[in-house]
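Everything below, folded, please.
(6 chains)
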There are 6 protein chains.
Amino acid sequence: MPTLAQVVNVLETLYPLRYAESWDAPGLIVGDPSASVTRIAFAADPTAAVIDTAIEHGADVLVTHHPLLFRSVHQVSGLGTRGDIVRKLYQSGCALWVGHTNADAAYRGVGQAAADLFGLVDQHPLVPIHDDEAAAAGHEVGLGRVGRLERPMTFAAFAQRVAGVLPHTELGVQACGPLDQMVETVAVLPGSGDSLFDEVRASGADVYVTSDLRHHPATDAIEQARYEAGLRAQGIAVGHGDDRIRPLMINTPHSAIESLWFRYAVDDVPAAVAQATGTRPESEWLRMSTDPWTLRL
Amino acid sequence: MPTLAQVVNVLETLYPLRYAESWDAPGLIVGDPSASVTRIAFAADPTAAVIDTAIEHGADVLVTHHPLLFRSVHQVSGLGTRGDIVRKLYQSGCALWVGHTNADAAYRGVGQAAADLFGLVDQHPLVPIHDDEAAAAGHEVGLGRVGRLERPMTFAAFAQRVAGVLPHTELGVQACGPLDQMVETVAVLPGSGDSLFDEVRASGADVYVTSDLRHHPATDAIEQARYEAGLRAQGIAVGHGDDRIRPLMINTPHSAIESLWFRYAVDDVPAAVAQATGTRPESEWLRMSTDPWTLRL
Amino acid sequence: MPTLAQVVNVLETLYPLRYAESWDAPGLIVGDPSASVTRIAFAADPTAAVIDTAIEHGADVLVTHHPLLFRSVHQVSGLGTRGDIVRKLYQSGCALWVGHTNADAAYRGVGQAAADLFGLVDQHPLVPIHDDEAAAAGHEVGLGRVGRLERPMTFAAFAQRVAGVLPHTELGVQACGPLDQMVETVAVLPGSGDSLFDEVRASGADVYVTSDLRHHPATDAIEQARYEAGLRAQGIAVGHGDDRIRPLMINTPHSAIESLWFRYAVDDVPAAVAQATGTRPESEWLRMSTDPWTLRL
Amino acid sequence: MPTLAQVVNVLETLYPLRYAESWDAPGLIVGDPSASVTRIAFAADPTAAVIDTAIEHGADVLVTHHPLLFRSVHQVSGLGTRGDIVRKLYQSGCALWVGHTNADAAYRGVGQAAADLFGLVDQHPLVPIHDDEAAAAGHEVGLGRVGRLERPMTFAAFAQRVAGVLPHTELGVQACGPLDQMVETVAVLPGSGDSLFDEVRASGADVYVTSDLRHHPATDAIEQARYEAGLRAQGIAVGHGDDRIRPLMINTPHSAIESLWFRYAVDDVPAAVAQATGTRPESEWLRMSTDPWTLRL
Amino acid sequence: MPTLAQVVNVLETLYPLRYAESWDAPGLIVGDPSASVTRIAFAADPTAAVIDTAIEHGADVLVTHHPLLFRSVHQVSGLGTRGDIVRKLYQSGCALWVGHTNADAAYRGVGQAAADLFGLVDQHPLVPIHDDEAAAAGHEVGLGRVGRLERPMTFAAFAQRVAGVLPHTELGVQACGPLDQMVETVAVLPGSGDSLFDEVRASGADVYVTSDLRHHPATDAIEQARYEAGLRAQGIAVGHGDDRIRPLMINTPHSAIESLWFRYAVDDVPAAVAQATGTRPESEWLRMSTDPWTLRL
Amino acid sequence: MPTLAQVVNVLETLYPLRYAESWDAPGLIVGDPSASVTRIAFAADPTAAVIDTAIEHGADVLVTHHPLLFRSVHQVSGLGTRGDIVRKLYQSGCALWVGHTNADAAYRGVGQAAADLFGLVDQHPLVPIHDDEAAAAGHEVGLGRVGRLERPMTFAAFAQRVAGVLPHTELGVQACGPLDQMVETVAVLPGSGDSLFDEVRASGADVYVTSDLRHHPATDAIEQARYEAGLRAQGIAVGHGDDRIRPLMINTPHSAIESLWFRYAVDDVPAAVAQATGTRPESEWLRMSTDPWTLRL
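Just a heads-up that it's a prediction; the model follows:
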């Protein structure tokens, strides 16, 4: 039976920690490297309910996308929910491994899974990372994905496609821009995408699909996009491309879009463990919604 | 006829600039102080469409809640939408005055308007500001409001009340927490409220009504709230109050909740100008939605 | 039987967290607040050997002076000794509470214990903290202690006294300055004292007892002290007091001097728990040396 | 007729924004890119009098060397002179384009114009910028210029030459150093040059011509220069070159020396517009002094 | 005969080091405190020529206004002029004491000396310092002085008065503003005054007399002053006072204005030494110009 | 006879200032470059006793390893011991040159001298510096040295060897780790080595010899080393090499280990001066202990 140390080694070959952003600290968060692993569970958020379910289902490792200790801590006591989760994990012998920005950027990672499912072809990373190993394997890695729809469609039709791929949440999907404008190139960044507007504009994408778009960044972006489209219509070159407004925006529920990754990982990880160790662990995606919203009016 | 200088003086008596947060720069943004004022328009966001409408309606001053130049600029040229707005305003003789965090904190300002309309009594600021003049007038000023519902109601009923007060938007209103829990004390912070969870927890409020709540802060807050409620149910004192989960959360469209202020300002401002100068300017609230979202799925 | 939550409450009444330095994060580091406590162990450092011994002796809480997670962490996995200690503690049901700079400054805390045992009378804190509750109880609290020997003695005799009080270590005790100089006032700072020379000089102390004195700070201090004493001998007023060299210095093993606190705490804590809850837990001081040095040549 | 957008394009080909220092923000400050341009005015400072004159003379674009909004602003209202200038420019349809450190560094820019007029040959930039396009055109670009006088002359004679080239101002020209010392290599930095003494010393220049030299930097520089010359006279190698004092200094009126650029720009810009668009705009240098000093005693 | 330690004590009673700005480090820079003092010299700048003269004249202490080591140093070797000055001073037994911002702010210090000589009455500090000892003696201390001319005069006449008081320099005195405007209140800040415009404006002074005014700060200040005067003339209240332009500016040679202090100090210091020690040292003001400029064109 | 300028030139050829750490400022600290040099003294610390001895022995230059003005100063007066040392040096005509981190990193510098004397072969720098000149001469330069013992020995035997090489001090030598473990590769960093544990771990060294190791860094390092060795013994790859604990640590008296350099320098420097100038100065190593400790108990 593979040890946790071996499984971690496999996970960090698929989703190398060197891809992580400098402010991020993914990897093994809780667990004894000499423990043995027969079952791996996957979930977007390490909430108390997710932890309880993973333990109840007999998982030896839980792989989540969101960090348990994103802000570093001086204590892991039961005065807070994070310390209590550490306690439950250690007492039940379940490890926690986090694939955050390293998984975002990886081959068959979070960005690629979403882009594939939204139908993008000719994909490239939005923010490429140079990595010799990935290049040798013919993979382009990095944050986000930019690609092309096989054929242009209206913005409304594309928004409908995105909503159809995502699991149902109370928050739902919002679209910003003229619904009948034709769109073809798309930038996708699963997770909070407020801070990457410059990269999206530079990519020339017609649409930007991301999450957690707040009022001000979204309003600023669409106002400037409309203005620049107007200038281009007068023949004054600012921004990119023809005189359509770009980028239009689609706001998605944060965990819902990121959890598309598990469609790949739930098979990729046990297969890679099998190849490395000769034993394929059981594998399960905990599909419970971890979206905080319980009602929409 | 009052001059712009006189109208600014009145606005800054009602909504004093000294209330503004240190990072904020509200006040007169565009305008010639010697111009005369016969008509004042009010709107949440200084978008291009709002500016065009104000000019078309003959406004001499436009009062907005959101800043035009929140990030300071080295140029106001027509290479960007903000510079083009400066051009339009100067060429049409319409001034722009911004009441941002100073209006949030003021008597009959943004926070108080929302709290009043949601039915809160016994109100106090969430983050009080000490101000001698306000104290002399018997007003408590500061960011956000905490108050009590006249009688407890279920969380679902209160969420329904909030949604009923707000104008319709595509984004809608979201609620987080058990819908049948009874709630009584409420904290309200119109605008992005992610960063004030500590103050809300310290206030002991049952519900927090604000905007732009992103996945991680909202999830973190409800997870910790649920955990602490569990500890209190075992008799271990952490957090505030009895063993109910608190604060529950209501996420509202950013401009929609802030625009409740104009229900007061559209009368308060011309009345105060009349008192100061003997002439009451015309006044109009431009109710057009400036929410960026055009579709929800 | 008292719960961990009750014991923590007692510990933080004796050694309040509000006394801690701003860069410090003492308190409950590992543990379930609803667990019950029958046995408390005390030790200077949370080393692997100390943890194993505490668990083997059946401790429900281990109180250490040095932090486990002094630098905050993003993970507590078994890839490092600290994560493995968290695992062992949770799996064996032993909590960890740290009394660091809060215990240094407290009444009957680390500073006072050492100063008492070195024979100092008329004690005051070296760096006083104003605290209303302590003042109401008639206690002066703060970092380090300055006091007077009942009668002057030679520096050599006082150094001998200090060495006699401390447990044996390989590192031993070092003295800096003329051995036959008479000394009377003494400043004591258990732990690394390099950074408090200014306060010691301002106190006018004849001797400074602390730990981890490195070559440069110690050399700089004694050189300047000798020079100033020479100026004072010529009638030029610099520094403090008469024309003796001051402060002389005594360097002590870091954990050895700090562990003097446990002479008090091993009784004070169970007595206070008994008073608060009616039940006196068992109590034990794990006297094993945690000094890293195994040989001296 | 060329549009403003076309004229800006020409200006930023002659004086590329990529040459600007990182703290600088030159380019189009005020103006509608779709406006048409028939007349361009040039002046050193965008003072109120300069703006009024440019408008009165019918300029469609005013090119200044000094920025209008050097410190970025949150408002452009008529409560300050800068906002009032924005108003006048937009109301009269006159754009403002600033060529600041980008123009300093450019081919036939501010530095080169002054160096040419002071008679320097074999010029190189004092602080070179690597730029592929400039290199391809055979131009060396960068801040300041260092060159050689065709033949050595006394410092007094060279100072006289500098003063003769500059327009009259009340401040006048000051020289520091032995007047009869022979000088041959000269560094020129139009504008405040206090902060570039290290580069000037490294260039080995005999004289440094710049502006706004304050008492302390000038005194420190000449004292060190005299001292090093004395050491070199004893055969001790410090500083550069033979045993003459270097650099001597010439302090010039800030705007006066910078305005020498317009001798080139007043022709270069309309010629380049003509070449790009087929139409040569009218062009005028507003020679009014913008030096603040009105009297010298 | 008094020792250097005693003389330093007197100097720091007259010009207390606690008045110094936080970035400044005046006081005893070079000297043996046990040396005896028979002769004190005074000069504005510790240039090599000043040091040589002081030594040649047999001074035991040189008091300068400008620091020798304003930027702190890691070496005082003869590779630089400052180290060579340290060497000369120690080898000839001449101490150096610096009275910089402490002397600016003191009673009968640099600011007061200049203000007295320019004829100001009803003086107060421009930037007051609260000091219990000064208050007990009835002295108002602080940086700069604001006062009133006994009777209003034209700006030209006042500028003439300032120039008449100052020793001749090549740089001369410059005035900015309408020469026939009547002025009455005056702010004086000997030394570089660029950074105190806000305080001067707040003082409502008609004229600001200082040094080292560079093109941009001076131009910005006069432009804004002219604009605000225009608004006040229209009845719009911005800035201070009636509708005259304020502050006008007078730029003076830096060392020349500061050296006015020595008119007081050359007597005040020996008198205070005599009072403290019974012996009056000889005293001399080295009036040589230390202005760097040797020619004006 | 060589001048000081020539001797400094030789010293900075042997121990180039460009090797110094960015926070360090070695080189000529006190001295007149035109003075002549007949005798050079060497010592670890520029204490008052060392200075007096150097002067008494007629030294024209004193070379020390530790800086006199490590923290930069605004004064060199006799109010402090450092200023008094400057005075004595200038009055007796003795220069001071400091070889600190530049000498640590140099060929036949501080690191290499200690490593040679401890018997290390196949040496490389612990933190290499790339330097073209050193490379051309076939020298590897940089901070610290890592090398191999000719044959493995027990940790106790190696510690004994280190202690035998060093001069006697009261502080003595301490060793941390199992005394009978065999060791072969050794990292040496003369001086305070707390901050370079990461580099030592990366080097895979069995032992780390340095100074001023404080309780916490030493304890943390040995605890983690023991834990990782345990994991490796279970076949889990963390850290470097086989399953022995590494690095063990040897703590040495700071000045004692650094003064090993003088065994080389006392001959290298006069030889190089002779080669450069034709005259070999006298040379002496002042072997007096500058360790502050006078007693150990």
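
Run a quick neighbour tally on residue A:27.
Using other CB atoms under 10 Å in any protein chain shown, residue A:27 has 21 other residues around it. Any C-beta I mention is one placed from the backbone N, CA and C, and that applies to glycine too.

name the element the closest residue to residue A:108 other than its chain neighbours belongs to?
Leaving aside its sequence neighbours, residue A:108 sits nearest to residue A:264 (CB to CB, 6 or more residues apart in numbering or on different chains; 4.8 Å). Element membership for residue A:264 (DSSP states H and E) is helix A:262-277.

Quick check: mean pLDDT of that helix?
The average pLDDT for helix A:262-277 rounds to 98.

Confirm for me that the residue nearest to residue A:108 is in contact with residue A:110.
No. Using CB atoms under 8 Å, residue A:264 makes no contact with residue A:110, being 9.2 Å away.

My guess is residue A:77 contacts residue C:89. True?
No. Using CB under 8 Å as the test, residue A:77 is too far from residue C:89 to be in contact (10.1 Å).

Overlap in contacts, these two.
Common contacts of residue A:77 and residue C:89 (CB atoms under 8 Å, 6 or more residues apart in numbering or on different chains): C:30-31, C:95.

Stretch A:131-139 spans what distance, first to last residue?
9 Å (CA to CA, to the nearest Å).

Could you chop chain A up by domain?
Here the domain parsing of chain A from automatic domain parsing is A:4-99+A:258-285, A:107-252.

got JSON lines for the ones you listed, with distance to residue B:282 too?
Below are these laid out as JSON lines (distance: least, CB to CB, whole Å):
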{"stretch": "domain A:4-99+A:258-285", "distance to residue B:282": "51"}
{"stretch": "domain A:107-252", "distance to residue B:282": "27"}
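
Which SSE is immediately downstream of the strand or helix carrying residue A:227?
According to DSSP H and E, residue A:227 maps onto helix A:215-233. Next helix or strand after helix A:215-233 toward the C-terminus (DSSP H and E): strand A:248-252.

Return the distance of that next one from the chain's centre.
15 Å (CA atoms, centre = their mean, to the nearest Å).

who does it pair up with?
strand A:174-176 (antiparallel), strand A:207-211 (parallel) (DSSP bridges).

could you redo those as a markdown table and give each row distance to residue F:238 and mean pLDDT?
Formatted as a markdown table, the strands paired with strand A:248-252 follow (distance: least, CB to CB, whole Å; pLDDT from 0 to 100):
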| stretch | distance to residue F:238 | mean pLDDT |
| --- | --- | --- |
| strand A:174-176 | 47 | 97 |
| strand A:207-211 | 36 | 98 |
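
could those go into JSON lines alongside mean neighbour count?
Formatted as JSON lines, those follow (neighbours: other CB atoms under 10 Å in any protein chain shown):
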{"stretch": "strand A:174-176", "mean neighbour count": "25"}
{"stretch": "strand A:207-211", "mean neighbour count": "26"}
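
what's across from residue A:61 in the sheet?
Judged by DSSP bridges, the bridge partners of residue A:61 are residue A:40, residue A:95.

how many other residues sit next to it?
27.

Likewise for the one 4 residues further on?
When neighbours are counted by other CB under 10 Å, residue A:65 registers 27.

Let me see the ranges of the helices in the stretch 101-250 of chain A.
Shown for the stretch 101-250 of chain A, the helices assigned by DSSP state H, counting those that start in this stretch span residues A:101-105, A:110-117, A:132-136, A:155-165, A:197-203, A:215-233.

In JSON lines: those helices, plus mean pLDDT.
JSON lines is the format used below for the helices of the stretch 101-250 of chain A (pLDDT from 0 to 100):
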{"stretch": "helix A:101-105", "mean pLDDT": "98"}
{"stretch": "helix A:110-117", "mean pLDDT": "98"}
{"stretch": "helix A:132-136", "mean pLDDT": "96"}
{"stretch": "helix A:155-165", "mean pLDDT": "97"}
{"stretch": "helix A:197-203", "mean pLDDT": "95"}
{"stretch": "helix A:215-233", "mean pLDDT": "95"}
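
Would you format those helices as JSON lines with mean neighbour count and distance to residue F:204 included?
Listed next are those as JSON lines, based on neighbours: other CB atoms under 10 Å in any protein chain shown; distance: least, CB to CB, whole Å:
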{"stretch": "helix A:101-105", "mean neighbour count": "27", "distance to residue F:204": "27"}
{"stretch": "helix A:110-117", "mean neighbour count": "26", "distance to residue F:204": "36"}
{"stretch": "helix A:132-136", "mean neighbour count": "11", "distance to residue F:204": "24"}
{"stretch": "helix A:155-165", "mean neighbour count": "19", "distance to residue F:204": "50"}
{"stretch": "helix A:197-203", "mean neighbour count": "18", "distance to residue F:204": "41"}
{"stretch": "helix A:215-233", "mean neighbour count": "20", "distance to residue F:204": "49"}
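
Distance to residue D:139 for the ones you listed - can I get that in JSON lines?
Converted to JSON lines, the helices of the stretch 101-250 of chain A look like this (distance: least, CB to CB, whole Å):
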{"stretch": "helix A:101-105", "distance to residue D:139": "42"}
{"stretch": "helix A:110-117", "distance to residue D:139": "44"}
{"stretch": "helix A:132-136", "distance to residue D:139": "38"}
{"stretch": "helix A:155-165", "distance to residue D:139": "47"}
{"stretch": "helix A:197-203", "distance to residue D:139": "29"}
{"stretch": "helix A:215-233", "distance to residue D:139": "32"}
